[in-house]
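In: sequence? don't have it. structure:
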């Protein structure tokens, strides 16, 4: 409780609503904001406002974008014949950070989950199928390696295969740097079944 | 790198400047801001702006305050005869969270540190001395238990004692719930020397 300033108390409450921000970090952030030079805070607030007012979803891949078509879909150097299907933008960013992938993306907006009431209509699956013209050479299924992610990948594989388009699934196995003794059994089995002949 | 939106990239950079926010959490926060309902973000931005535009330092204790005099110093139920001296507002909050202390505070704004060029003039020591009228019954030195905090406490003790005001220092010892075998030697020695007769 900050008894000395009600405004600070209100700010801390707002900050606590952010993901991954607990009571202590909200306090630290609020103090930073209270003590930082006004221009610095102004430029943070501006950046927030610009995103809040201008962000939209790309009409092709459904990632967050400044324009109707995102920078990746409108980039001439990206290979439009290769589409990586991911659950959400954060997974896309993870692959963008690797820097190796030169194709485009399709953001499903989640994974199939009967328990949570998420069926094919709740995801951008219709929109994915509409993108699959004769031009497309490969669809890479990069949904998570969870039950929901696997179910979604299988579902999509069955939908796309009949179209005579190559469908692939990202490999699952022992993480690089991981200790085999600490890896769960399902992953070990996957790593064995998916072994590469050298 | 978020290649799909420059506005998001800018926001993530701004968020990374906040204390305790790394690249991954900045990304998570930015996505939250991009996806959250506009009103929610508006109320966060308002809270930031109000703090930025209105926060000041209490003229008595120098903690962050909405008015010239903070809610604690102007609270009639707080004992003005007992002053707890702390290094910064976060330490004050820590004691406020305990809820037991009913006196007032004095925020030094740091601790003496010849290495960092922080001498008595860089701290609110003159201002503390000015508060010490005949009315004050006790000054509690609650600076950190670090070298700088101890030096500051000793320095203040020597200044205040000649005024015939009771000066006390918060106890240092084994933390509650702490394992003696994991506590460092200096702390163990302190705990021994400061033992209470039962």
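Out: Yep, that arrived. Note that the coordinates shown come from a computational prediction; the quantities given were computed from them, not determined experimentally.
In: quick one: residue A:168 is in a strand?
Out: Yes: counting by DSSP: H, G, I helix; E, B strand; the rest coil, residue A:168 falls inside a strand.
In: Once you drop chain neighbours, what's closest to it?
Out: residue A:140 (5.1 Å; C-beta to C-beta, 6 or more residues apart in numbering or on different chains). C-beta: built from backbone N, CA, C; applies to glycine.
In: does that neighbour count as helix, strand or coil?
Out: Per three-state DSSP, residue A:140 ends up strand.
In: Could you check how far it is from residue A:71?
Out: According to C-beta to C-beta, to the nearest Å, residue A:140 and residue A:71 sit 20 Å apart.
In: what about the residue nearest to residue A:102 when sequence neighbours are not counted, neighbour count?
Out: Spatial nearest neighbour of residue A:102, excluding adjacent residues (C-beta to C-beta, 6+ apart): residue A:79 at 5.3 Å. Residue A:79 sits with 13 neighbouring residues when counted by other C-beta atoms under 10 Å in any protein chain shown.
In: do you know how far residue A:79 is from residue A:103?
Out: For residue A:79, the distance to residue A:103 - C-beta to C-beta - is 5 Å.
In: next one: residue A:119
Out: From residue A:119 over to residue A:103 (counting by C-beta to C-beta), the distance is 27 Å.
In: Okay, helices next: where are they in chain A?
Out: Ranges of helices within chain A are A:6-16, A:23-35, A:38-54, A:89-98, A:125-131, A:147-160, A:185-193, based on DSSP state H.
In: Can you name the residues in contact with the fourth one?
Out: Taking contacts as C-beta atoms under 8 Å, 6 or more residues apart in numbering or on different chains, the residues outside helix A:89-98 that touch it are A:63-64, A:72, A:84, A:86, A:101, A:105, A:107, A:142, A:144, B:1-4, B:27-28, B:31.
In: Give me the angle between that helix and helix B:6-16.
Out: With axes from the mean of the first three to the mean of the last three C-alpha atoms, to 10 degrees defining the directions, helix A:89-98 sits at 90 degrees from helix B:6-16.
In: How far does helix A:89-98 sit from its chain's centre?
Out: 7 Å (C-alpha atoms, centre = their mean, to the nearest Å).
In: Okay, angle between it and helix A:147-160 too, please.
Out: Using the same axes, to 10 degrees: helix A:89-98 against helix A:147-160 is 80 degrees.
In: State the distance from the nearest residue to residue A:151 once chain neighbours are set aside to residue A:120.
Out: Of all residues not flanking residue A:151 in the chain, residue A:112 sits nearest, at 5.0 Å (C-beta to C-beta, 6+ apart). As judged by C-beta to C-beta, residue A:112 and residue A:120 stand 7 Å apart.
In: Give me the common contacts of those two.
Out: residue A:155.
In: Those two: which is more packed in?
Out: Relative neighbour count places residue A:112 above the other of residue A:112 and residue A:120, with 23 against 14, counting by other C-beta under 10 Å.
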